[in-house]
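1. what follows is a protein structure lacking sequence information:
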DNA sequence: CGGTGTCATGACATCGGTGTCACGATTCCA
DNA sequence: TGGAATCGTGACACCGATGTCATGACACCG
């Protein structure tokens, strides 16, 4: 591969002058510049980043660690693919600043993280971003001092900069919209207990009720999702059965995520219940392949993954450039409610109670 | 950041000896080794890849160009996220060989590709992989000579190494299984005309029929997908309506992909048609979030994305190491049929024709 | 006991750029 | 018109590793 010396020789100038043409850091004569540019084209010369980096000690690299790519393979993960939107958000900010993103995947095992961090440090990455596949607490190996680190979709106990979705507000806003649309009895099929998202969203749900002066009824809450994939179907069936059997059943079912809402569609339909005429359904995530493709399209709170990624990237860049860009930690990012036709615009405003036909078979499969 | 000289000074040896400890390329005395290792730990020394690379001219980097991450944002893409499984397949092979993957995203515009290739060349990537978001023809800028290139999910006219899904065989195998299960009238709602996948799969469909001695009936074929997202719903509704209105309607509907199948579920249900009792449905892709979550779970041909990625990575590595690893070009990768309960195991073996109840409203929304 | 080979180690050059400094040639302004 | 500032350029050292070669200390063999 051609070097700057080859170019210099052909153009009849010194290597340093070629460097100046490349970087424009000092004036160069018109004719000299042309000769150099011609030589560069002729040789197909591309400067070596490694050599440049040694001298200037700026690598232009950002390391990104994620399990997002690989966690999809065995599907034991409650969210699945959409967290890749975080990567997209990061990417768009980074490429605008000319930084290059090195993406490393944990392959599903967090044990590989130290090794990946080491690789990044070997490449002298100027900053590292760690993306978790769902909102959670993490404990990363001691930060490589000197290299700023930002966590996305997760947080630790050391006060590492962290960007999180505002689950409380997201659920609150969604429920508030449902109340606005006339719903008073709002069923909530939650994600597994113990997840941060579950707790926060339930708080948001309660706050929205409280603000509207509606009393919280624990009967309307049920866990609709298990980590054990194969039991999900039965768990959700049972959860739906329970809330619909209430003497005063809900007029809308909030599901913990869009995937669960998709399952709920199937279950409700096999029971002959129409949406949204008999009951409204709402999701969470705005997982577009699902939310927009389901019939009827799904009303859902958006998990602002792309925005979270962009925020994290901005934050990291300001840390690298040592700007005292004040950020609260963690930084909460909220998203809009996407209103679609799975929720009636004006539900049982008259307060009449709908009785659901219940089928006999417990498990439709 | 500490250098090899700092380590050498502390350990009381020459830098070269430290290098030997790091690389184990020459014998080092026991006590010397210990002293060096202690110094390395003490300083938290990590060797600089850039410096190492300059001497050895082996970067250990592989460049990966994809639109997979960003094309999801505006959703104008027929496949969506699953092509990320290709990245996962590549990743798993690469990390096993100690290569580091640099992933760059086109941000949806192929105009950025030359720029990204340049970045990889600057980093002296030892090979480049280009991943397309769906099976298609591409025309990349002239290959950076000296750097091997492998295309995945796409091909060009220059005979660049290319790994493609075997769409013909996938659809053939699926249809053959349907025939085996007793189906004779097989409706096929295709992806948009003009796509390679559409043409190849139709060939596979015909071949399976021919092998079973079933006559091809063009009435059973209809385009069910538009690139224009907002018209998809109507197009599919109409396509389904057409085939179901045939005097001798199909007993199973093959959909061009799983997303279309998901739409079909909604449409069929609003018309009061049960699956799989009244009609069976099959998809393509094995997009697991959809195929496994739908009720009933969807029978679908697998698009072997992860395997394609792995094959491409293997091929690239053999090109880099200059092995004369003979490969046919393009390399076709096929995947299994995933049999789930959306298809009846033994359909209308008696040959009786089912009449479908047709609703009046054209568009359910 | 001298010659040869192996072991353990260091001195030094080198990879391909860029930072620093120096220097001649212009241009500018008092 | 002379001194200062600016322009255009090159010589040289340096970034942090590793390849090459040299060297001294032993061990081994005939």
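-> Looks like it came in fine. Treat the numbers as computed from the prediction; the structure is a model and nothing was measured. Numbering: from 1, shown residues only, chains lettered A, B, ... in the order given.
2. could you use CA atoms for every contact and neighbour count after this?
-> OK.
3. run through chain A and note the low-pLDDT ranges.
-> For chain A, applying pLDDT under 70 flags the ranges A:68-83, A:229-230, A:346-365.
4. okay, helices next: where are they in it?
-> For chain A, helices defined by DSSP state H occupy the ranges A:4-11, A:15-23, A:30-43, A:49-56, A:84-96, A:113-122, A:167-180, A:196-211, A:232-244, A:258-270, A:288-291, A:305-320.
5. can the ones you listed go into a markdown table with extra columns for mean neighbour count and distance to residue B:321?
-> Formatted as a markdown table, the helices of chain A follow (neighbours: other CA atoms under 10 Å in any protein chain shown; distance: least, CA to CA, whole Å):
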| stretch | mean neighbour count | distance to residue B:321 |
| --- | --- | --- |
| helix A:4-11 | 18 | 27 |
| helix A:15-23 | 17 | 32 |
| helix A:30-43 | 16 | 25 |
| helix A:49-56 | 15 | 22 |
| helix A:84-96 | 22 | 31 |
| helix A:113-122 | 19 | 22 |
| helix A:167-180 | 23 | 49 |
| helix A:196-211 | 19 | 48 |
| helix A:232-244 | 19 | 47 |
| helix A:258-270 | 23 | 44 |
| helix A:288-291 | 22 | 41 |
| helix A:305-320 | 22 | 36 |
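6. nearest to residue B:144, of those?
-> Proximity to residue B:144 (CA to CA) singles out helix A:30-43 among the helices of chain A, at 12.0 Å.
7. close to DNA strand D, is the closest one?
-> Yes - using CA under 7 Å from any atom of the strand, helix A:30-43 comes into contact with DNA strand D via A:30-33.
8. residue A:86: which of those is nearest?
-> Closest approach between the residues of helix A:30-43 next to DNA strand D and residue A:86, by CA to CA: residue A:33, at 42.4 Å.
9. what residues are up against that closest one?
-> By CA atoms under 8 Å, 6 or more residues apart in numbering or on different chains, the residues touching residue A:33 are residue A:21.
10. please report how far it lies from residue A:15.
-> With distances taken as CA to CA, to the nearest Å, residue A:33 is found 12 Å from residue A:15.
11. hmm, residue A:107 is touching residue A:67, no?
-> Yes - contact criterion CA atoms under 8 Å: residue A:107 and residue A:67 qualify, at 6.2 Å.
12. and chain A, what are its domain boundaries?
-> Following automatic domain parsing, chain A resolves into domains at A:1-31, A:61-165+A:306-334, A:167-303.
13. residue numbers of the stretch 51-200 of chain A in contact with DNA strand C?
-> A:51-52, A:54-56.
14. would TSV of those with distance to DNA strand D be doable?
-> Formatted as TSV, these follow (distance: CA to the nearest atom of the strand, whole Å):
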residue	distance to DNA strand D
A:51	6
A:52	7
A:54	4
A:55	4
A:56	8
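15. neighbours around the closest residue to residue A:45 other than its chain neighbours, how many?
-> Nearest residue to residue A:45, sequence neighbours excluded (CA to CA, 6 or more residues apart in numbering or on different chains): residue A:2, at 5.5 Å. By other CA atoms under 10 Å in any protein chain shown, 13 other residues sit near residue A:2.
16. next one: residue A:2 from residue A:37, what distance?
-> To residue A:37, residue A:2 is 14 Å away according to CA to CA.
17. equivalent analysis for residue A:140, please.
-> Here residue A:140 is placed at a distance of 47 Å from residue A:37 (CA to CA).
18. what do you get for residue A:331?
-> Counting by CA to CA, the gap from residue A:331 to residue A:37 is 47 Å.
19. do residue A:10 as well
-> Counting by CA to CA, the gap from residue A:10 to residue A:37 is 11 Å.
20. what's the closest non-adjacent residue to the most centrally placed residue in chain A?
-> Chain A has residue A:305 as the residue nearest its centroid, 3.1 Å off, counting by CA atoms, centre = their mean. Spatial nearest neighbour of residue A:305, chain neighbours left out: residue A:86 (4.8 Å); criterion: CA to CA, 6+ apart.
21. residues touching residue A:297, list them.
-> A:291, A:340-342.
22. so which two of those are the farthest from each other?
-> For the contacts of residue A:297, and using CA to CA, no pair is farther apart than A:291 and A:341, which are 10.4 Å apart.
23. mutual contacts of those two, please.
-> Residues touching both residue A:291 and residue A:341 (CA under 8 Å, 6+ apart) are A:297-299.
24. distance to residue B:282 for these - can I get that in a markdown table?
-> Output for the shared contacts of residue A:291 and residue A:341, formatted as a markdown table (distance: CA to CA, whole Å):
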| residue | distance to residue B:282 |
| --- | --- |
| A:297 | 22 |
| A:298 | 23 |
| A:299 | 27 |
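25. give me phi/psi at residue A:343?
-> For residue A:343, the backbone dihedrals (degrees, to the nearest 10) come out as phi -120, psi 130.
26. that one contacts residue A:252, doesn't it?
-> Yes - judged on CA under 8 Å, residue A:343 makes contact with residue A:252 at a distance of 7.4 Å.
27. now the common contact residues for these two.
-> Common contacts of residue A:343 and residue A:252 (CA under 8 Å, 6+ apart): A:279-282.
28. by neighbour count, which of those wins?
-> With neighbours defined as other CA under 10 Å, the most crowded of those is residue A:282; it has 31 neighbours.
29. does it really touch residue A:251, like I thought?
-> No - with contact defined as CA under 8 Å, residue A:282 does not count as touching residue A:251 (11.1 Å).
30. circling back: next step: the shared contacts of residue A:343 and residue A:252 restricted to strands.
-> In this view, the shared contacts of residue A:343 and residue A:252 that belong to strands under DSSP state E are A:280-282.
31. which among these gets closest to DNA strand C?
-> residue A:282 (54.7 Å; CA to the nearest atom of the strand).
32. do you know how far the closest one is from chain B?
-> 16 Å (CA to the nearest CA, to the nearest Å).
33. contacts only, for that residue.
-> Shown in contact with residue A:282 (CA under 8 Å, 6+ apart): A:252-255, A:258, A:261, A:298-300, A:342-343.
34. can you tell me which of these is nearest DNA strand D?
-> Distances from DNA strand D to these, taken as CA to the nearest atom of the strand, are shortest for residue A:258 (48.7 Å).
35. in the stretch 201-350 of chain A, what residue is nearest DNA strand C?
-> Per CA to the nearest atom of the strand, residue A:321 is where the stretch 201-350 of chain A lies closest to DNA strand C, at 16.4 Å.
36. dihedrals phi and psi, that residue?
-> According to degrees, to the nearest 10, residue A:321 has phi -90, psi 10.
37. ok, how many other residues are close to it?
-> Residues near residue A:321, counting by other CA under 10 Å, number 11.
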